[in-house]
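Asker: Sequence and predicted structure below; questions after.
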Amino acid sequence: MKKLKVAFLWHMHQPYYFDETTHEFLMPWVRLHATRGYYDMLKILDNHPNIKVNFNLTPSLLLQIEKYLEQNNTDKYYKLSLKHPSDLNYDEKIFILSKFFMINYTTVINKCARYDELLYKRGYQVNKNILKEAINLFTNQDFMDLQVWFNLGWFGFSLIKEEKFLQELIQKARNFTQEEKEKLLKFQLEILKRIIPMYKRYQDTNKIEISVSPFYHPILPLIYNNQLALECMPNIELPSEPFKAPDDAASQIIKAKQYYEEKFQKKLNGMWPSEGSVSNDIIRLFAENNIHWVATDEKILFNSLNNIVQDKRKTLYKPYKMDFNGKEIYIFFRDQELSDNIGFKYSKLSGVDAANDLYSHLKNIYNYLKNDNNDYIVSIILDGENAWEYYYDSGEEFLNTIYSLIEKDKHLESVTFNEYIDKYNNYGKLSKIYTGSWINHNFDIWIGKEEENKAWTLLNKTRKFLINFEKENPDYDKQKIEKAWEELYQSEGSDWFWWYGDHFTTENDEEFDYLFRKHLRNIFYLLDSSLLEELNIPISEKAKVTNITQPKGVLNPLVDGKVNSYFEWWGAVKYTPKIGTTMARSTKRFIKEIYYGYNGRELFFRFDLEDKEKILNAKIFKLKINFIRPERNKIIFPLIKKENLYYTILSKEKKVINKLNNIKINDIVELGIPFEKIDINYKDEVYFFIEVLKRDKIVETLPYDGYIYFKAPPEHFESFMWME
């Protein structure tokens, strides 16, 4: 066989955080990721002259990089980083304490003693009470060091090696000055200036191929016609009125193509559809706009073939051609396992071990296909920026190792997608393509839940308003009309819908919701029209009451710290803490799951710990159950293994009311509490939350900023349930 071709595609994307009316970025991730992912992923190629890779750069990201370089455009995080601590007001200090630990705990904060010290001083979770307490503990120097570390922590391996100034700051670690901080922040903007010219330079020397996504990263099939979701999710509940905007879908493609060709002075060949989302109509649109190739997930291919696949490897490792009235387009399908290993698995291994694992997979594929004389290509496609913050060294060792292994192997060759199409002639043909995305080959993330459908309805109403306004006001300022359409296209981005619903949560849920509605509101502002009233109401209603599920049956567990059978806790409510992507950067977990339930006399709790032996052996942790409505008692006990263990019932004034020994800690934590001992009566509506304390310092609160709810059982509950 000829060499096995390997195509890496690193997808670089950020939502459109910029608000044109205020000249402010709502979130700082474009600026911060520039000093790590966007820079590192190019510079590392200098070590590997024979490696070629593909980068997918979304226009919404590139445009924001350009916006940062315009005067007066900045983000709140940058402005507050720049401000001297003595000039910060109360709200600004609260913001800094809340937001400036949004970075990976294990790979950044925990490795920097001063940063870790500041996190411990603030508290490991973000809630109002912790922040109010922390603001009185932090000195001006503490705030100065936090401002520096939040920005310094986002620098990747390349710039730290290149810049002595960064090395000196890391070595110094604390007691930073205003001058040092200003120099650091100015340097961030200098890096932003380099990014687009660097990518163009590497492209012009044929080291990389650049593709783009539709301009503002929309889920194109849903923009074209969100009823297409029924093709892959026939039982989904969709908004009452369909959203159909084929013209918008085409515009997002055309605008992206024009933007790329203007900035990079080269014909665009390829596109990565946002989230790998495709349908027959969308592939046709790509072909009609002279896009040479696109890519998506292997599950889309297998479903397109009705899952009739005799040889998975020979089926997957080649592109497929579709023809639309003479307009041909090639589709590459990523190897899901190899791609996901880099994104989710390899960060837990050493860089060398991870690279060797990937290399062994590639060698196995080669050995399987080596007697076939066709050219095959393995497509490895994933997010090119977010994964690296979970690698202990930002991915440097892994990337250097895997690139070196491929370079030195006479049977492997890295290629770009367009190069493969031009040089090799092994491809299949498809007459139709399955409708779906690279996540579960459907659109469940972006449509079907109540919040998601509300967002689609608001988008639909606003678009109809814009169309009618334009028809009824033919002489209206064309520039404002154009800006209004731009705001609508920005509102069609996938990211807003990603955070609605119950799939994902983040510390920035409120900001994402605000920004989606702000883009829509700006349309009415630009056209000097009365605002659609619903746009004033938040869509995201992440309830303060996190769990409203009632226990399903009578609970009588044996309180021995063990799970004796599946049925012992059957009927209890299980609460699994939701930790979103952003929050996970700064939060260390202690409790994996909480169970609660009751019989007619007693309330039972079970806690499954995340790192049980480490927590119990440390003998420095306590767990507290806080009942806050009705305002009742608190229960506290040490997290230790002990034969005669007691929990303490405290009054709201923190006076000891009682001590009971119906508690056991072994494989799990179990305890039973008589309702009468905590003054909870039949049918009371009970709200509680849990705290983990380390040496009496709160290190985890669950829910992190809310409560769990249940209604106390009625009188004769057990007899009632027996009759049921």
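Answerer: Looks like it arrived, so ask away. Residues are numbered from 1 along each chain as shown.

Asker: could you list every residue that touches residue 345?
Answerer: By CB atoms under 8 Å, 6 or more residues apart in numbering, the contact set of residue 345 is residue 354. Heads up, the C-betas are built off the backbone N, CA and C, glycines and all.

Asker: how far away is it from residue 131?
Answerer: Note on residue 345: its distance to residue 131, by CB to CB, to the nearest Å, is 35 Å.

Asker: likewise residue 337?
Answerer: Plainly put, residue 337 is 42 Å away from residue 131 if you go by CB to CB.

Asker: Those two: which is more packed in?
Answerer: residue 131 (18 against 11; other CB atoms under 10 Å).

Asker: Would you confirm that that one contacts residue 94?
Answerer: Yes - at 5.3 Å, residue 131 and residue 94 qualify as touching, with contact defined as CB atoms under 8 Å.

Asker: Where in the protein is the helix or strand with the lowest mean pLDDT?
Answerer: Averaged element by element with mean pLDDT, DSSP states H and E, the chain has its least confident helix or strand at helix 581-584 (a mean of 36).

Asker: So which elements touch the helix or strand just after that one?
Answerer: Later in the chain than helix 581-584, the nearest helix or strand by DSSP states H and E is strand 591-598. Other helices and strands packing on strand 591-598, by 3 or more CB pairs under 8 Å, 6 or more residues apart in numbering; DSSP states H and E, are strand 573-575, strand 602-609, strand 685-694, strand 697-702, strand 707-711.

Asker: Now tell me what touches strand 591-598 from outside.
Answerer: Here strand 591-598 makes contact (CB under 8 Å, 6+ apart) with 551, 553-555, 569, 571-577, 603-610, 675, 690, 692, 700, 702, 708, 710, 712-713, 717.

Asker: which ones are touching residue 529?
Answerer: Residues in contact with residue 529, defined by CB under 8 Å, 6+ apart, are 465, 469.

Asker: The same query, at a cut-off of 10 Å, please.
Answerer: By CB atoms under 10 Å, 6 or more residues apart in numbering, the residues touching residue 529 are 465, 466, 469, 473, 484, 523.

Asker: Just give the nearest non-adjacent residue to the fourth one, would you?
Answerer: Nearest non-adjacent residue to residue 473, counting by CB to CB, 6 or more residues apart in numbering: residue 527, 8.0 Å away.

Asker: what about the one you found, how many residues close to it?
Answerer: The number of residues packed near residue 527 is 19, by other CB under 10 Å.

Asker: Would you check that it makes contact with residue 465?
Answerer: Yes - between residue 527 and residue 465 there is a contact under CB atoms under 10 Å: 8.5 Å.

Asker: Now do the strands in the stretch 101-250 of the chain.
Answerer: Per DSSP state E, counting those that start in this stretch, the stretch 101-250 of the chain carries strands over the ranges 208-211.

Asker: swap in the stretch 301-450 of the chain?
Answerer: All strands of the stretch 301-450 of the chain, identified by DSSP E, counting those that start in this stretch, fall at 320-324, 327-334, 377-383, 412-414, 428-429.

Asker: Quick check: buried residues in the second one?
Answerer: It refers to strand 327-334. Neighbour counts over strand 327-334 (16 or more other CB atoms under 10 Å) mark 329, 330, 331, 332, 333, 334 as buried.

Asker: Report the mean confidence score over the top helix by length along the chain.
Answerer: Longest helix of the chain, by residue count under DSSP state H: helix 178-204. In this model, helix 178-204 has a mean pLDDT of 98.

Asker: again with stretch 21-28
Answerer: For stretch 21-28, the mean pLDDT works out to 92.

Asker: Pull out the buried positions in it.
Answerer: For stretch 21-28, a neighbour-count test (16+ other CB under 10 Å) marks 24, 25, 26, 27, 28 as buried.

Asker: now swap in stretch 128-135 and tell me
Answerer: By 16+ other CB under 10 Å, the buried positions in stretch 128-135 come out as 130, 131, 134, 135.

Asker: again, but for stretch 106-117
Answerer: 107, 108, 109, 112, 114, 115.

Asker: check contacts around the second one.
Answerer: The contact partners of residue 108, taken as CB under 10 Å, 6+ apart, are 101, 115-116, 149-150, 152-154, 389, 392, 394, 585-586.

Asker: possible to save these as TSV with pLDDT and distance to residue 594?
Answerer: Output for those, formatted as TSV (pLDDT from 0 to 100; distance: CB to CB, whole Å):
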residue	pLDDT	distance to residue 594
101	95	24
115	97	30
116	95	27
149	98	33
150	98	31
152	98	37
153	97	32
154	97	34
389	92	28
392	94	31
394	96	35
585	39	23
586	43	21
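
Asker: hang on, residue 658 packs against residue 649?
Answerer: Yes - using CB under 10 Å, residue 658 is in contact with residue 649, at 4.5 Å.

Asker: hey, what's in contact with both of the two?
Answerer: Residues touching both residue 658 and residue 649 by CB under 10 Å, 6+ apart: 633, 635, 673, 674, 677, 678.

Asker: By neighbour count, which of those residues wins?
Answerer: residue 635 (25 neighbours).

Asker: Provide the secondary structure category for it.
Answerer: Here residue 635 takes the strand state, with states given by DSSP: H, G, I helix; E, B strand; the rest coil.

Asker: Verify the contact between it and residue 672 for me.
Answerer: No - in this structure, residue 635 is not within contact of residue 672 by CB under 10 Å, at 11.2 Å.

Asker: Next, show the common contact partners of these two.
Answerer: With CB under 10 Å, 6+ apart as the test, residue 635 and residue 672 both reach 603, 605, 647, 660, 663.

Asker: check contacts around the nearest residue to the fourth one once chain neighbours are set aside.
Answerer: This means residue 660. In space, and not counting its chain neighbours, residue 660 is closest to residue 647: 6.0 Å by CB to CB, 6+ apart. Contact partners of residue 647, counting by CB under 10 Å, 6+ apart, are 605, 623-625, 635-638, 658-663, 671-673.

Asker: swap the cut-off to 7 Å and go again
Answerer: Contact analysis of residue 647 by CB atoms under 7 Å, 6 or more residues apart in numbering lists 635, 636, 637, 660, 663, 671.

Asker: Just grab the bridge partners of the first one for me.
Answerer: Legend: beta-bridge partners of residue 635 under DSSP bridges are residue 625, residue 649.

Asker: roughly how far apart are it and residue 660?
Answerer: Going from residue 635 to residue 660 by CB to CB gives 9 Å.

Asker: and the nearest residue to residue 495 once chain neighbours are set aside, how many neighbours?
Answerer: In space, and not counting its chain neighbours, residue 495 is closest to residue 15: 3.7 Å by CB to CB, 6+ apart. Residue 15 has 25 neighbours, counted by other CB under 10 Å.

Asker: likewise residue 289?
Answerer: Neighbour count of residue 289, defined by other CB under 10 Å: 16.

Asker: So residue 563: helix, strand or coil?
Answerer: Three-state assignment for residue 563 (three-state DSSP): coil.

Asker: so it touches residue 669, yeah?
Answerer: No - with contacts counted by CB atoms under 7 Å, residue 563 stays clear of residue 669, the gap being 11.6 Å.

Asker: Please say which of these two ends up with more neighbours.
Answerer: Between residue 563 and residue 669, counting by other CB under 10 Å, residue 669 is the more crowded of the two (25 against 15).

Asker: who has more neighbours, residue 658 and residue 649?
Answerer: Remark: of residue 658 and residue 649, residue 649 carries more neighbours, 22 against 16, as counted by other CB under 10 Å.

Asker: Now for the more buried one: which residues touch it?
Answerer: Per CB under 7 Å, 6+ apart, neighbours of residue 649: 633, 635, 657, 658, 677, 678.
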